[in-house]
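*Asks:* Compute the structure for the input listed below.
(2 chains)
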There are 2 protein chains.
Amino acid sequence: MEYVKNFNVRNERNLTMLVDFYELTMGNGYFLNGIENKIAYFDMFFRRVPDGGGYCIVAGLQQLIEYLNNLSFSKEDIDYLRNKNIFSEEFLNYLKNFKFCCDVWAIPEGTPVFPNEPLVTVRGPIIQAQFLETMILLSINHQTLIATKANRICNAADGRPVMEFGSRRAQGYDGAIYGARAAIIGGCNSTACTIAEQMFGVPAAGTMAHSWVQLFPTEYDAFKTWAEVYPDNCVLLLDTYNVLKSGLPNAIKIFNEVLQPKGHRPKGIRLDSGDITYLSQKCREVLDEAGYEDVKIIVSNSLDEYIIRSVLRQGAKIDGFGVGERLITARSEPVFGGVYKLVAVEEDEKIISKIKISENEEKITNPGFKKVYRIFDKETNKAIADLITLEDEVIDESKSLTLFDPVFTWKKKKIKNFYVKELMVQIFDKGKLIYDSPSVIEISKVVDEECKKLWHEVLRFENPHNYYVDLSLKLWSLKHNLINQYSNIYNEEE
Amino acid sequence: MEYVKNFNVRNERNLTMLVDFYELTMGNGYFLNGIENKIAYFDMFFRRVPDGGGYCIVAGLQQLIEYLNNLSFSKEDIDYLRNKNIFSEEFLNYLKNFKFCCDVWAIPEGTPVFPNEPLVTVRGPIIQAQFLETMILLSINHQTLIATKANRICNAADGRPVMEFGSRRAQGYDGAIYGARAAIIGGCNSTACTIAEQMFGVPAAGTMAHSWVQLFPTEYDAFKTWAEVYPDNCVLLLDTYNVLKSGLPNAIKIFNEVLQPKGHRPKGIRLDSGDITYLSQKCREVLDEAGYEDVKIIVSNSLDEYIIRSVLRQGAKIDGFGVGERLITARSEPVFGGVYKLVAVEEDEKIISKIKISENEEKITNPGFKKVYRIFDKETNKAIADLITLEDEVIDESKSLTLFDPVFTWKKKKIKNFYVKELMVQIFDKGKLIYDSPSVIEISKVVDEECKKLWHEVLRFENPHNYYVDLSLKLWSLKHNLINQYSNIYNEEE
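*Replies:* Model (predicted):
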């Protein structure tokens, strides 16, 4: 199946009004105060990797781009807002003639990313930059969550193919569709979600349900009919009645009596219930004895990275996994907590950095217009750390570089013999799209390549090594000056 | 805002291909064997209430109806399938001329429902009835999950309004949109998701973000500007810098200096971080002392039913809750495990019941074409139990009725002075829509009314009383005859 680039069967959908209502009330407020065109900078970032993991796989940018590139308000949208009786006609008129004009930078999909570094930065009139909050977060949060979970599951499967099977238990239609997209990015080799192949060119696959077996007078009849229809792609589901007493003997009869005589080789069997370690071992034995060493054993049934690792350690004989509800909902931690924060405004064409203070040190934002460097060791090509700097900072690769922990600043590390890569690329230039999105399959290759540059200790899915995301001295100083300003104001009486 | 019935800004979307791929391979298989028109019966049901709760609120039927009523394959869909090179032209031709012709029964949205009773039953040609699996499950699983979670949260809030705030953390765009719909059904009084008001006529609401406050030179300026723009709907967010030292004193200044002199009464304050029990108590004291006893305290920040109950028990002074990520993803248990199982086929116009066997007693399906009665006590109007019967059974309300536990059959209960209500209604008659969906607001009233008919013990959100879902004697006997048939086949050698 040829990949049809940017083919989107549903690109006609208007999601402009998928905004938190406060973005509209604030927009109206900016407008009425004549500050709608004040230039603001916002960062989208996250604070913590789900499931205690060591890294995330960023995803969802392509859908965000499609939204931003088509952002407009229909007559129905304007009429609806007018009916609320709280918006000024001037504001509604602005929306009617809305033309997206922001600059957007983002880390490309498939890149491993870490807490506190900007994944998306927006610069533009406050009335626009604020309006984008919900869709930026929703797009990146959802797909990053699922791509990250899929990557964990595929790592646990240790090279065996993982199929995404979760549509029926997804959280809504887009949960299934874009969840399948993110699962492929994260490492799944196929999905059961047919529309995802149409939309993204990712391979759709599937075999039979228990209902197919139930429909026929006997399991043997059901298998025979299937083998006759799909002789070259025959995977039989064995657990409708009893795997070892019925499903497996019937399957082998079908392989011997229906497929082999006509020169077709069976592809596999699937187990969807019971003790998969025990059953897969028994099935492997019987298949091997019958001369079907090449027939694959595929397993499904409420799997996730923990169960997969556990059954493989127990010696389960499994060649591939179908993973459903726990992948498509990221069941163990179903929320990706990305946030979108104001980090600067422009006044008289100067950038004034802004900070959001919190009692909780970790919740204090990194102020200013920034960029992110990934620093690689020249000899191993492994990533050493990420460094967040202000936008005008340049790293001289010919000199040594001193990194320091942003909290325990006496923890320092001097590095040399390194090279850096800027992680963010510009996506929109004053509203004009200047980025060409790769295909989903291309993005999944980025994941492979970029994860290879991380140390195994970071990739481990429990208690991983903490990858360093440091601040440049200039950014650190700016941040602490701003913190001190607020601290002086609110603690002066104490 | 007037409710615009059936207004769906996105009804142009074609989700026909949102199917698990095996539904297509099976369809092709039925077709090639000439059994595509065999009449089959499928039930959609669930086995367990999430979060250990006592009941679920069923939702999602309206979206399922819209899908079924518009089900057709586009030329692009057919071309895509042809390119897979595994489907016969006859099958593709069938899809090209697809005309939905199934009968569908369902329990109306908003009804409290229990494990093992059919929520949706489909009768029709196997090729069609099987094809619907993914969309029936996806539609009902998602919204039932969220409506049930919302209902738990609203119960914990004990009459205080709950606003749905989760769009940014939802699992995809539909997760936000239909999640907001389900949240309103479950009991939320409003949503921040603007498009949900457009689509479903449910109230959208929202105030300001921290970024509004950060944008101005001082918090006082930010509040002043807001109060001037929205004098009659002024809710101020107090925690950008420091609630008690800055946010609250500034808010009261604004109430005194900007709103009161012009005869406007402030509406509320919002707290989005910190210890909400302590802060809400302090804010209440200060507001009351300043003469603002009627100003509401609204709280948000990673809330769910457990935290809400806990802070209310501690004496938090809260008038309303904004609930985000933990509601919109049903974070504590984000999967609703509905299944869709073949329960019967027709042969020579007779119904032949089918069963799916499992080692696990609870996973054995209830066979046959069935209906569900809810039995009410005539005096209290409280629900006593649900009774699943075969379709041709009628309950005589004038006689006594003996219920028995389907596992521990010696546990019996004789009831009299009762009346029954059939829970399922017919939605499609041979493909023709014969059901008129109520509005979302009307459905949310159904939830209120029907939950009042349940005992408090069932509504409790931890360790609830187990509500009985029993089988009629006729159904129980059919089921056990079928189990014995399989048991004899697979255990004869032991």
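*Asks:* can you give me how far the longest helix seen in chain A is from the chain middle?
*Replies:* The longest helix of chain A (DSSP state H) is helix A:133-157. Its chain's average C-alpha position is 3 Å from that of helix A:133-157, according to CA atoms, centre = their mean, to the nearest Å.
*Asks:* What average pLDDT does that helix get?
*Replies:* The pLDDT scores in helix A:133-157 average 98.
*Asks:* Same check on stretch A:175-192?
*Replies:* 98.
*Asks:* Alpha carbons of that stretch, in CSV - could you do that?
*Replies:* Taking Å, rounded to 0.1, in the frame of the first residue of the first chain, the C-alpha atoms of stretch A:175-192 are listed here in CSV:
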residue,chain,number,x,y,z
GLY,A,175,-8.6,8.6,20.5
ALA,A,176,-8.7,5.6,18.2
ILE,A,177,-7.5,7.3,15.0
TYR,A,178,-4.8,9.6,16.3
GLY,A,179,-4.0,7.1,19.0
ALA,A,180,-3.2,4.6,16.2
ARG,A,181,-1.0,7.2,14.5
ALA,A,182,0.9,7.8,17.8
ALA,A,183,1.2,4.1,18.4
ILE,A,184,2.9,3.6,15.1
ILE,A,185,5.2,6.5,15.8
GLY,A,186,6.0,4.9,19.1
GLY,A,187,7.0,1.7,17.5
CYS,A,188,4.0,-0.5,16.8
ASN,A,189,4.3,-2.2,13.4
SER,A,190,0.6,-2.1,12.5
THR,A,191,-2.9,-1.2,13.8
ALA,A,192,-6.3,-2.8,13.6
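*Asks:* Which positions within that stretch qualify as buried?
*Replies:* By neighbour count on 16 or more other CB atoms under 10 Å in any protein chain shown, the buried set for stretch A:175-192 is A:175-192. From N, CA and C alone the C-beta is placed, and that goes for glycine too.
*Asks:* mind listing which of those residues are in strands?
*Replies:* Within the buried residues of stretch A:175-192, residues falling in strands by DSSP state E are A:Ser190, A:Thr191.
*Asks:* what helix or strand is A:Val343 on?
*Replies:* Here A:Val343 sits within strand A:339-347, counting by DSSP states H and E.
*Asks:* C-terminal to the longest helix of chain A, what's the next element?
*Replies:* Remark: after helix A:133-157, the chain's next helix or strand is strand A:162-164, criterion DSSP H and E.
*Asks:* A:Asp304: neighbouring residues, count only.
*Replies:* 21 (other CB atoms under 10 Å in any protein chain shown).
*Asks:* looking at it, it is touching A:Glu333, isn't it?
*Replies:* No - with contact defined as CB atoms under 8 Å, A:Asp304 does not count as touching A:Glu333 (11.1 Å).
*Asks:* For the nearest residue to A:Met17 once chain neighbours are set aside, list the residues it contacts.
*Replies:* Spatially, and ignoring its direct neighbours in sequence, A:Met17 is nearest to B:Ile195 (4.0 Å; CB to CB, 6 or more residues apart in numbering or on different chains). Counting by CB atoms under 8 Å, 6 or more residues apart in numbering or on different chains, B:Ile195 touches A:Leu15, A:Met17, A:Leu18, A:Val19, B:Val9, B:Ile177.
*Asks:* helices or strands up against the worst-scoring helix or strand of chain A on mean pLDDT?
*Replies:* Ranking every helix and strand in chain A by mean pLDDT, DSSP states H and E puts helix A:473-491 at the bottom, with a mean of 89. If you count contacts as 3 or more CB pairs under 8 Å, 6 or more residues apart in numbering or on different chains; DSSP states H and E, helix A:473-491 packs onto strand A:383-390.
*Asks:* How far away from the center of its chain is the strand it packs on?
*Replies:* Averaging C-alpha positions (CA atoms, centre = their mean) puts strand A:383-390 21 Å from its chain's average.
*Asks:* In three-state terms, label A:Lys282 for me.
*Replies:* helix (DSSP: H, G, I helix; E, B strand; the rest coil).
*Asks:* any idea how far chain B is from it?
*Replies:* 15 Å (CB to the nearest CB, to the nearest Å).
*Asks:* and if you look at A:Phe461?
*Replies:* 19 Å.
*Asks:* Contact partners for the closest residue to that residue other than its chain neighbours?
*Replies:* In space, and not counting its chain neighbours, A:Phe461 is closest to A:Arg152: 5.1 Å by CB to CB, 6+ apart. Contact partners of A:Arg152, counting by CB under 8 Å, 6+ apart, are A:Asp51, A:Gly53, A:Glu305, A:Phe461.
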